[in-house]
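J.: Give me the fold of what follows.
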Amino acid sequence: MKIEIIKCLNDNYSYLIYEKETNIVSIVDPSEFSPCEKEISKYKKLDYILNTHHHVDHVDGNIRLKNKYNSRVLGFDGDKDRIPGIDITLKKNQSYKIGNLNFRVIFIPGHTKGHIAFYFENEKTVFTGDTLFSLGCGRVFEGTHVDMLNSLNKLKILPPETKVYCGHEYTKTNLDFCLKYDPENARLKEKSTEIKLKLNSNLPTIPTSISDELKTNIFLRCNDNVIKQALNLKDATDQEVFTKLRDLKDTF
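T.: A predicted model of the protein is given here:
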């Protein structure tokens, strides 16, 4: 499984997946046609388009790419009326095979009601769209804070070595937010140096890993006493802590 990171729009990432044995080419969340087409043209084909959710900055390339390459568009069954060009509808926990690659659909609402992740277990890789970011999580738009926390809890129990490919380059802002409420975190400080080096070299900070996120992403650590004390929520529930964090991040 070869993954090419494609920079789109101002801070979006789309991902080309190439499976060598069967020569299958797929793309996750084609935000815009031109940068995606530039990468796809190296392979001269596009078999599948995988959409995590319906927002235009994740699906805007669907129709032009589908028309050019006769690709098949995959998306969540509950969003079949909102994903342009959808051909194949996917259900919660469904397994699906593209070439020799198998992925499982993880239903992770909150950012939208029909948000999903694509989890390639054998390749230890998950595409999380706008739900789990490096050092952060997505805004709650169509769902609820309960939905988002439950969705993050589904992702945080994936194997620690799982690589996380998310939908945006939000890492620096997320880093600053995490440091504000967890300033003594040794791994977070190390990650700060790594992130700055990558960004200064115009390189993506993605992928991250579940292991690193569990150590550094405060949205995955709502039961951590350090975070609770920083928020003056010593006896609060995980849900109360998460809601407070998300509200603070919305105005950060």
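J.: for the stretch 51-200 of the chain, what spans make up the strands?
T.: Ranges of strands in the stretch 51-200 of the chain, per DSSP state E, counting those that start in this stretch, are 72-76, 86-90, 95-98, 101-107, 116-120, 125-129, 132-133, 136-137, 163-166.
J.: Any idea how far stretch 174-184 is from the middle of the chain?
T.: 20 Å (C-alpha atoms, centre = their mean, to the nearest Å).
J.: Need the phi and psi values for Val241.
T.: phi -70, psi -50 (degrees, to the nearest 10).
J.: My guess is it contacts Val226. True?
T.: No: under the criterion of C-beta atoms under 8 Å, Val241 makes no contact with Val226, lying 11.3 Å away. To be clear about C-beta, it is placed using only N, CA and C from the backbone, and glycine gets the same treatment.
J.: about what we covered before: any chance of the strands of the stretch 51-200 of the chain in a markdown table, with distance to Asn51 and mean neighbour count too?
T.: Shown next, in a markdown table, are those (distance: least, C-beta to C-beta, whole Å; neighbours: other C-beta atoms under 10 Å):
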| stretch | distance to Asn51 | mean neighbour count |
| --- | --- | --- |
| strand 72-76 | 4 | 23 |
| strand 86-90 | 8 | 18 |
| strand 95-98 | 13 | 14 |
| strand 101-107 | 12 | 19 |
| strand 116-120 | 8 | 25 |
| strand 125-129 | 8 | 25 |
| strand 132-133 | 17 | 28 |
| strand 136-137 | 19 | 27 |
| strand 163-166 | 14 | 23 |
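J.: Next, Ser14: secondary structure please.
T.: strand (DSSP: H, G, I helix; E, B strand; the rest coil).
J.: With adjacent residues omitted, what lies nearest to it?
T.: Ile6 (4.3 Å; C-beta to C-beta, 6 or more residues apart in numbering).
J.: The one you found sits in which helix or strand?
T.: Taking DSSP states H and E as the definition, Ile6 sits inside strand 2-8.
J.: before we move on, what about Lys244?
T.: helix 238-250.
J.: Who are the contact partners of the closest residue to Asn223 other than its chain neighbours?
T.: With sequence-adjacent residues excluded and distances taken as C-beta to C-beta, 6+ apart, Asn223 is closest to Asp238, at 5.3 Å. Shown in contact with Asp238 (C-beta atoms under 8 Å, 6 or more residues apart in numbering): Leu149, Cys222, Asn223.
J.: Make JSON lines out of those residues and add pLDDT and distance to Gly114.
T.: Listed next are these as JSON lines, based on pLDDT from 0 to 100; distance: C-beta to C-beta, whole Å:
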{"residue": "Leu149", "pLDDT": "98", "distance to Gly114": "18"}
{"residue": "Cys222", "pLDDT": "96", "distance to Gly114": "24"}
{"residue": "Asn223", "pLDDT": "95", "distance to Gly114": "28"}
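J.: closest to Asp77 among the residues you listed?
T.: Closest to Asp77 out of the contacts of Asp238 is Leu149 (23.5 Å), distances taken as C-beta to C-beta.
J.: Just give the number of residues close to that closest one.
T.: 22 (other C-beta atoms under 10 Å).
J.: Against Lys156, how distant is it?
T.: Here the criterion is C-beta to C-beta, to the nearest Å. By it, Leu149 lies 10 Å from Lys156.
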